[in-house]
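> just the structure for this:
(chains A and B)
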Amino acid sequence: MTALEIENLSIRYGARPVVSDVSLRLERGRTIGLVGESGSGKSSIANAAVGLAPISSGDIRVNGVSAVGRGGRARAARRRMQLIFQDPYSALDPRMPVGASIAEATLATGRTWTRAQRRSRVRELLEQVHLDPDRAGALPSAFSGGQRQRITIARALAGEPDVLIADEVTSALDVSVQSTVLNLLRELLQALGLSIVFISHNLAVVRYISDAIHVMRDGGIVDSGPTESLLDNPSAPYTRELLSAVPVLGERMTFEETAEP
Amino acid sequence: MRKLVSPAGIAAVLGTAVLLSAALAGPGTWGGAATEPAIVDRLAPAGAEHLFGTDDLGRDIFARVMVAARLSLLLTAGATAIGVLGGVLVGLTAAVLPKYPRRALVWVMDMLLAFPWLLLVLFCTVIWGATATGAMLAIGLAGIPNLTRLVYNLAASVSGQDYVRAARVVGVGPFGVLFRHILPNIANPLLVQAAASASVTLLAFAGLSFLDLGVQAPEYDWGRLLNEGIGSIYTNPMGAIGPGITIVFAGLVFTLVAEALADQAGQGVRSVTAAGRASMAPTGPGRAARAEDAAAPDGAVPQGAGTALAEVTDLRIAFPDGEGGLVERVHGVSLSVRPGEIVGIVGESGSGKSLTAMALADLSDASAVVRSATRRFDDIDLNTPLARGEGKRLGTELGIVFQDPLTSLNPALTIGRQLTEVSRTHLGMNRGEARERAAARLRAVGIPDPGDRLRDYPHQFSGGMRQRAMIGMALTGNPRLIIADEPTTALDVTVQKQVLGVLHQAQQATGAAIVLISHDIALVSGFCDRVVVMKDGAVVEELDARRIREEAGHPHTKGLIACLPDMRSDRDRPLPVIDAPLSAVAPPDEAVQGGAVAKVPAGDTGTRSRPSAT
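Below you'll find the model as predicted:
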């Protein structure tokens, strides 16, 4: 079954088109990766999906229900998607205990929770992301960057989403922390049957976690396909360019094509 | 509550106590002396019996000042409360309104802001008449636009934060966002502003009452007493000066309260003074060595000047911990760079890689305590105070490229102005020559139409362009060493490659040595000749970049290599994790796993700066 369908989506900021005519499908339990340089429109798609940015045309459907517009059905459909942000330092309210931040997100489930239910759910979620549930009362400043990113993942899970949108979630983290966050996402993917849209400019990271990859440039998709075939036999010139730019351990970089921008 | 122990905090608490007790006990204690006319004592001068003298009905002026405290403070509090409540209400309303009504409201408030407040008060006085309540309403209302603007600006900056966006995604409504996220996060600056505006309000009241527009007889506040005292200023100066002193005192207390509150918001002043104390303390052998070096006769070139272009041995860098002590962050690092060599320093946040490189460039944070056995660039000894010509040489022969050119380029100056600075100050070129040189440098780093682009401001350049310009700037002085601190971390792979290409070309063309700092071991190994791996402020391994995969021996190096996914990683297995053994001095980022809060020194330049939240 299709968890997320994006159809002919266009987004415009003022007169400037940032995404034009993009279509995507994400099957339940799968992960798709969006790669591309900054300004290619990847984050705009994420923001539009959860309702943080207006769309100018096209449709976004979650489990077959349109998530576009102001109606109650569209709003409920949007809540089925949760966003994890890039910067774990600004993604948590510095004055709110992390447990309260997570508890707040249970609102997205649309059910009413008693205080006790909420508390036990917060503990459960903190355990799920491998943090000590007794620290729910601590402020974000008591946690490291990697731990904060886990808390934001727990918050996203509190809404019991069908689709998780991870927008550059590891690019602010150290490589050792990055690997723990990636492993956690994989683990959750398998345990909870989530569907993930994984956005990053790091091709190796996207490759590691995604079943299929869409390469974006200038607001459009220039290449897409299953991860292996896309990266092993890149057909689009831009994909080849991206691949050749990824540094490889111990291999001297070559710079012949960079004389002029 | 340790923050209240600061001098401003103590003074604020004491002052508030004095004002409050006067307001509470004043009328009860001095009520009689303040109201009973005693014609015999009329217009008595200040003395032991009557501290401020007496007025024309023989009432003790000091007693009247104390009694007036209640009314004066009540009026001030009332007007401030009106201003703050109104400001919060209007400001937050503006923050949640849709675009056009919001603009209209802000526009109206801006107009009122430009309107002189005294005129507004006079206008209100006409409506409500010259009464104390009228004056309070008038001053309170007049304060609203100012506080509205503050609240609106604060709210706007908070509501752009990711945590507010996250709350909106989970379905928290506008009022929920206001009360749960925005208000708690703007409360502190708002309180500071409220205390500061209370002091202005107090003065405004004194002024209005003095002008007969405020409190009317037989009621009296400090301003009214000032008014009454001024008539006999020649016979009994204290009659006017006394209330004056009281007003100044109360105003000072409000300002101190504001200061103490602001102090609590960040620990600016405290950490600065602690840093000052720490750097004054001449501790350790390095400091002593430094003093000896300074005393030694000049011209003593350190050994090995012929082989290494720059070197440090036994480098130790410590920062004040905010409580009078020092935390060492770099523990005895030795590093040397040969002419034309490309050295990479790789490590996690807090590994001390940037601190080490910046010490090599003599650009350590002012709060850092840097000690080393030797620290030199070419024949310049950086452990001794620089001679006149040496500073100039460092300025031209050392080039620095930072991670985020948007913060390291001045947004208010054109690229051209910043690129010509080195040529003009250090090389003594005139404007034309310097511009020509700057344009040539921009062309060299691959920026088209360099002559025109010199007139652009940094924000008109893309991220990659800015980094090119930054490299161009580092090249202006014909550097012999370029230190690039995470120059491509904020950039995409393709742009990263272009920027590194520019750096590479520069190296080829000028023969300068490069120190490249990065957390990406693949990148460093691909660009550099030699890779220095750092962890927790110490070098764990130095490796030939070409043979890094085979020769990596230290578990940390192996961990850094393994945990980085590459195009060959097995997608069906979890990534290897560095199970960081928490050594005595853990890096700040992951130092908090045990539950204790990590202390990050004030001048922490070692961590990667966070990406902007836009």
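
> excluding its backbone neighbours, what's nearest residue 57?
The chain I'm using is chain A. A:Ser10 (4.7 Å; Cβ to Cβ, 6 or more residues apart in numbering or on different chains). Where C-beta positions appear, they are placed from N, C-alpha and C, glycine not excepted.

> wait, chain B was what I had in mind.
Counting by Cβ to Cβ, 6+ apart, the residue nearest B:Leu57 is B:Pro37, at 4.1 Å.

> surely that neighbour and B:Asp56 touch.
No: the criterion here is Cβ atoms under 8 Å, and B:Pro37 misses it with B:Asp56 at 9.3 Å.

> one step back: pretty sure the residue nearest to A:Ser57 sits in a strand.
Yes: counting by DSSP: H, G, I helix; E, B strand; the rest coil, A:Ser10 falls inside a strand.

> returning to that earlier point: now do the residue nearest to B:Leu57 against A:Leu4, distance only.
For B:Pro37, the distance to A:Leu4 equals 86 Å [Cβ to Cβ, to the nearest Å].

> so these two - more neighbours on which side?
Neighbours around B:Pro37 and A:Leu4, counted as other Cβ atoms under 10 Å in any protein chain shown, are more numerous at A:Leu4. The numbers are 25 against 13.

> and the more buried one, helix, strand or coil?
Assignment for A:Leu4 (three-state DSSP): strand.

> chain neighbours aside, what residue packs nearest to it?
Per Cβ to Cβ, 6+ apart, closest to A:Leu4 is A:Leu26, 4.1 Å.

> distance of that neighbour from chain B?
A:Leu26 is 18 Å from chain B, where distance means Cβ to the nearest Cβ, to the nearest Å.

> neighbours of A:Ala156, just the number please.
29.

> swap that for B:Gln460, sorry
So B:Gln460, with other Cβ under 10 Å, has 12 neighbours.

> any part of the helix or strand hosting A:Leu243 near chain B?
For A:Leu243, the host element (DSSP states H and E) is helix A:237-245. Yes: Helix A:237-245 reaches chain B (Cβ under 8 Å from any Cβ of the partner chain) through A:241-245.

> burial of the residue nearest to A:Leu4, as a residue count?
22.

> check B:Asp452 too.
12.

> now it, what's its secondary structure?
Per three-state DSSP, B:Asp452 ends up helix.

> from chain B, which residue is nearest to chain A?
Closest approach of chain B to chain A (Cβ to the nearest Cβ) occurs at B:Gly501, with a separation of 3.2 Å.

> tell me the contacts of B:Pro243?
B:Pro243 makes contacts with B:52, B:61, B:65, B:68, B:222-223, B:225-226, B:229, as judged by Cβ atoms under 8 Å, 6 or more residues apart in numbering or on different chains.

> how near is it to A:Ala46?
Counting by Cβ to Cβ, the separation of B:Pro243 from A:Ala46 is 63 Å.

> ok, now B:Ser462?
In terms of Cβ to Cβ, B:Ser462 sits 22 Å off from A:Ala46.

> can I take it that B:Ile241 is in a helix?
Yes: applying three-state DSSP, one finds B:Ile241 inside a helix.

> let me see the contact set for it.
Contacts of B:Ile241 (Cβ under 8 Å, 6+ apart): B:52, B:229.

> and stretch B:118-136, average pLDDT?
Stretch B:118-136 comes out with an average pLDDT of 77.

> mind checking the SS state of the residue nearest to B:Leu154 when sequence neighbours are not counted?
The shortest distance from B:Leu154 to any non-neighbouring residue, by Cβ to Cβ, 6+ apart, is to B:Ile186 (4.0 Å). Here B:Ile186 is recorded as helix under three-state DSSP.

> with B:Ser199 instead?
Criterion first, three-state DSSP; result for B:Ser199: helix.

> could you find the closest non-adjacent residue to it?
Closest residue to B:Ser199 apart from its sequence neighbours, by Cβ to Cβ, 6+ apart: B:Phe254 at 3.6 Å.

> which parts of the chain are strands?
Answering for chain A, as no chain was given. A:2-13, A:16-27, A:31-35, A:57-62, A:65-66, A:81-84, A:163-167, A:195-200, A:212-217, A:220-226 (DSSP state E).

> not quite, I wanted chain B
Under DSSP E, chain B gives strands at B:310-320, B:326-337, B:342-346, B:369-371, B:374-377, B:380-381, B:398-401, B:481-485, B:513-518, B:530-535, B:538-544.

> make TSV out of those strands and add distance to chain A, mean neighbour count and mean pLDDT.
Listed next are the strands of chain B as TSV, based on distance: least, Cβ to the nearest Cβ, whole Å; neighbours: other Cβ atoms under 10 Å in any protein chain shown; pLDDT from 0 to 100:
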stretch	distance to chain A	mean neighbour count	mean pLDDT
strand B:310-320	19	24	91
strand B:326-337	16	20	90
strand B:342-346	10	26	94
strand B:369-371	25	23	90
strand B:374-377	27	23	90
strand B:380-381	32	22	88
strand B:398-401	16	24	86
strand B:481-485	14	26	91
strand B:513-518	10	25	93
strand B:530-535	10	25	94
strand B:538-544	9	18	92
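
> ok, now which ones touch A:Pro234?
Per Cβ under 8 Å, 6+ apart, neighbours of A:Pro234: A:223, A:240, A:243.

> mind checking pLDDT for it?
88.

> can you check B:Gln303 too?
With respect to pLDDT, B:Gln303 has a value of 41.

> swap in the one 4 residues further on?
In this prediction, B:Thr307 carries a pLDDT score of 79.

> how many other residues sit next to the closest residue in space to B:Ser569 that isn't next to it in sequence?
Leaving aside its chain neighbours, B:Ser569 sits nearest to A:Tyr208 (5.4 Å; criterion: Cβ to Cβ, 6+ apart). For A:Tyr208, the neighbour count with other Cβ under 10 Å is 23.

> tell me the spacing between A:Tyr208 and A:Arg25.
From A:Tyr208 to A:Arg25 the distance is 21 Å (Cβ to Cβ).

> the residue nearest to A:Ser57 contacts A:Arg16, correct?
No: using Cβ under 8 Å, A:Ser10 is not in contact with A:Arg16, being 11.7 Å away.

> more neighbours: those two, which one.
A:Ser10 (18 against 8).

> A:Ile199 versus that one, what's the distance?
Distance from A:Ser10 to A:Ile199, by Cβ to Cβ: 18 Å.

> which residues are in contact with the residue nearest the centre of chain A?
Central residue of chain A (Cα atoms, centre = their mean): A:Ala166, 1.4 Å from the mean position. Residues in contact with A:Ala166 (Cβ under 8 Å, 6+ apart) are A:84, A:185, A:196-199.
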